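Enquirer: give me a 3D structure for the following:
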Amino acid sequence: MKQAGTLILLFSLTLLSCKDSKKTNYLPSSIGAINSVVVIMDNELWNGSVGDSLRSHFAAPVVGMPMDEPLFTMEQLAPKFFTGTIRNTRSILYVEQDSLNLAHIKSDMYATPQRVGVIKGTTKEELIENIDAKADEMIASFKDMEIEAVQKRFNRSLNKETVLQEKFGISLKVPSIYNVSKQEDNFVWIDREIQKGTANIVVYQMPENSFNNDSTLVKDIVAMRDSIGAKYIPGPDVTGKITHMHTEPAFAPYVYPVEIAGLKGVEVRGLWDIKNYPMAGPFLTYILNDKEHNRKLVLEGFVFAPATQKRDDLFQLEAIMKTLQLDTPVVKK
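Expert: Residues are numbered from 1 along each chain as shown. Here you go, the predicted model:
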C-alpha cells in the first residue's frame with residue numbers, strides 16, 4: 001500500500017508539472033515596443049497624485065542624455081479596456097485602489113516573456129507608498145526583460161567579424177547591420193547608420209592598475225575617455241583648430257557599479273562632444289576589471305543623432321555590450 005501511495009504521489013506531481021509546462025508552452029508571444037509600458041488604472045488615479053508618483057519613477061528622465069527622454073513610454077488604459085491582445089503586452093503595470101495593500105511582480109501571466117507589476121492599496125496614500133517601495137525593483141525587472149527582448153531580435157542576423165576575438169580575446173553579439181570602421185593595436189570601432197546619424201561601439205583596454213583611487217575615479221575616467229578620443233576619434237576638419245571627441249566638460253558623468261560576464265566594474269553615463277565643433281550626444285561606458293588577463297577592459301557605446309530621440313539607440317548598444325563573452329586565448333598587449 002505504501003508503494004502504491006508513493007506511485008500515486010509521483011504520478012500526481014508529474015501531471016502538475018506537465019500542466020505548468022503546457023501553460024507556458026501555450027502562452028502567446030508578448031508584444032510591445034521596446035521600453036514601453038501599458039498602465040492599467042482608473043483615469044482618476046492616473047490624473048491625480050497616484051499617477052504623478054508613478055510617472056516620477058517609470059517616466060523619470062534617462063540619465064546622461066542631452067534632452068529629457070523617459071525611462072519608459074507609458075500608455076494608460078482604464079481597467080475595462082484591459083482585454084484581448086492588450087493583455088499580451090510585454091511590460092504591464094496594474095494599479096488599483098482595493099481592499100488589499102500589496103505590491104509585487106508577476107511573470108508570464110498572459111504571454112511570454114512578460115512582467116506584470118501589481119500595485120494595490122486601500123487608500124491613495126497606500127498606493128503611493130507601495131509605488132515608492134517597489135518601483136526600483138519593477139524598473140529593474142522590466143529593463144532586464146527589455147534587454148533580452150532586444151538581444152533576441154538582433155540574434156537573428158549577427159555580424160561575423162572576428163576582430164574583437166583577435167585583438168582582445170572577447171566576443172560580442174553584434175547585429176549584421178554594424179560594420180568595423182576602424183581598428184588599431186588597442187582600439188576597435190564598430191558603427192552603423194541610424195536616422196540622422198550613427199550608433200557606435202568602441203573597445204579598448206587599459207592597464208590593470210588604472211582607476212585604483214576612488215577619490216579621483218570620475219576625473220580619471222574623463223581623462224581616459226578624452227585621451228582615447230584625441231588619439232582615435234577625430235572630429236570634422238576645421239581650419240586652424242584641433243577637433244576630436246571628449247567628455248562634455250560642463251557635466252560630470254554618472255558612475256554606477258556593474259557586473260558583466262562575471263567581471264565587476266563600473267557603468268558610466270554622460271555626454272560627449274567634439275572639441276572645437278558643435279557635435280554632441282550621449283555615451284555609455286563599461287570599465288571592467290579583468291584580473292585574469294591583467295587589464296581593465298573598456299566597452300563604450302555612443303550615439304550621434306542631432307534633434308532626434310536617442311534612448312532606444314543607446315539601449316540597443318547597451319544590449320549588445322551586455323552580450324560580452326571572454327574567449328581564450330587572449331592576444332598579448
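Enquirer: what's the longest strand in this structure?
Expert: What stands out as the longest strand in the chain, according to DSSP state E, is strand 277-290.
Enquirer: and that one, which strands flank it?
Expert: Under the criterion DSSP bridges, strand 277-290 sits next to strand 263-274 (antiparallel), strand 295-304 (antiparallel) in its sheet.
Enquirer: just put those strands in CSV and tack on mean pLDDT.
Expert: CSV is the format used below for those (pLDDT from 0 to 100):
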stretch, mean pLDDT
strand 263-274, 97
strand 295-304, 97
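Enquirer: which one of these lies closest to Ile170?
Expert: The closest approach between Ile170 and any of those, judged by Cβ to Cβ, belongs to strand 295-304 at 7.1 Å. Bear in mind the C-beta positions are built from the backbone N, C-alpha and C, glycine included.
Enquirer: tell me the angle the next helix or strand after the closest one makes with strand 277-290.
Expert: Read in the C-terminal direction, the helix or strand following strand 295-304 is helix 311-321, with elements assigned using DSSP states H and E. With axes from the mean of the first three to the mean of the last three Cα atoms, to 10 degrees as the basis, helix 311-321 and strand 277-290 are set at 30 degrees to each other.
Enquirer: for helix 311-321, name the packing helices and strands.
Expert: Using 3 or more Cβ pairs under 8 Å, 6 or more residues apart in numbering; DSSP states H and E as the contact test, the elements touching helix 311-321 are helix 124-154, strand 197-207, strand 277-290, strand 295-304.
Enquirer: what comes up buried for the first one?
Expert: Along helix 124-154, these residues count as buried under the neighbour rule (16 or more other Cβ atoms under 10 Å): 126-131, 134-135, 138-139, 141-143, 145-147, 149-151, 154.
Enquirer: just the third one next, same as before
Expert: Using 16+ other Cβ under 10 Å as the test for burial, strand 277-290 gives 277, 280-290.
Enquirer: pLDDT (mean, whole number) over that strand?
Expert: Confidence over strand 277-290, taken as the mean pLDDT, stands at 95.
Enquirer: same check on stretch 193-205?
Expert: Averaging pLDDT along stretch 193-205 gives 95.
Enquirer: what do you get for stretch 162-178?
Expert: In this model, stretch 162-178 carries a mean pLDDT of 96.
Enquirer: distance from the chain centre to that stretch, please.
Expert: Averaged C-alpha coordinates place stretch 162-178 at 19 Å from its chain's average position (Cα atoms, centre = their mean, to the nearest Å).
Enquirer: please apply the same query to stretch 129-148.
Expert: Mean C-alpha position of stretch 129-148 versus that of the full chain (Cα atoms, centre = their mean) differs by 12 Å.
Enquirer: before we move on, back to that, so which of the helices and strands packed on helix 311-321 comes closest to Lys182?
Expert: strand 197-207 (8.5 Å).
Enquirer: what's the angle between the helix or strand following the closest one and strand 295-304?
Expert: Counting by DSSP H and E, the next helix or strand C-terminal to strand 197-207 is helix 217-232. Calculated by the same axes, to 10 degrees, helix 217-232 forms an angle of 70 degrees with strand 295-304.
Enquirer: need the contact partners of the following helix or strand past helix 217-232.
Expert: Secondary structure here is assigned by DSSP H and E; on that basis, the next helix or strand after helix 217-232 toward the C-terminus is strand 245-247. Taking Cβ atoms under 8 Å, 6 or more residues apart in numbering as the criterion, the residues outside strand 245-247 that touch it are 222, 225-226, 229-230, 233-235, 253, 270-275, 302.
Enquirer: quick check: phi and psi on Gln165?
Expert: Gln165 has phi and psi values of phi -60, psi -40 when expressed as degrees, to the nearest 10.
Enquirer: show me the contacts for it.
Expert: Gln165 makes contact with 171, 327, according to Cβ under 8 Å, 6+ apart.
Enquirer: check Lys196 too.
Expert: Neighbours of Lys196 in contact, by Cβ under 8 Å, 6+ apart: 305-308.
Enquirer: surely Ser91 is in contact with Phe72?
Expert: Yes. With contacts counted by Cβ atoms under 8 Å, Ser91 reaches Phe72, the gap being 7.2 Å.
Enquirer: higher neighbour count, these two?
Expert: Neighbours per residue, other Cβ atoms under 10 Å: of Ser91 and Phe72, the larger number sits with Ser91, 29 against 23.
Enquirer: give me every residue that touches Ile260.
Expert: 286, 288, 321-322, 324.
Enquirer: let's see that with 6 Å instead.
Expert: Ile260 makes contacts with 322, 324, as judged by Cβ atoms under 6 Å, 6 or more residues apart in numbering.
Enquirer: name the nearest residue to Ile221, ignoring sequence neighbours.
Expert: Closest residue to Ile221 apart from its sequence neighbours, by Cβ to Cβ, 6 or more residues apart in numbering: Val268 at 5.7 Å.
Enquirer: around the nearest residue to Asp98 once chain neighbours are set aside, count how many other residues there are.
Expert: The shortest distance from Asp98 to any residue other than its chain neighbours is 4.4 Å, reached at Lys120 (Cβ to Cβ, 6+ apart). As a burial measure, the neighbour count of Lys120 was computed by other Cβ under 10 Å and equals 18.
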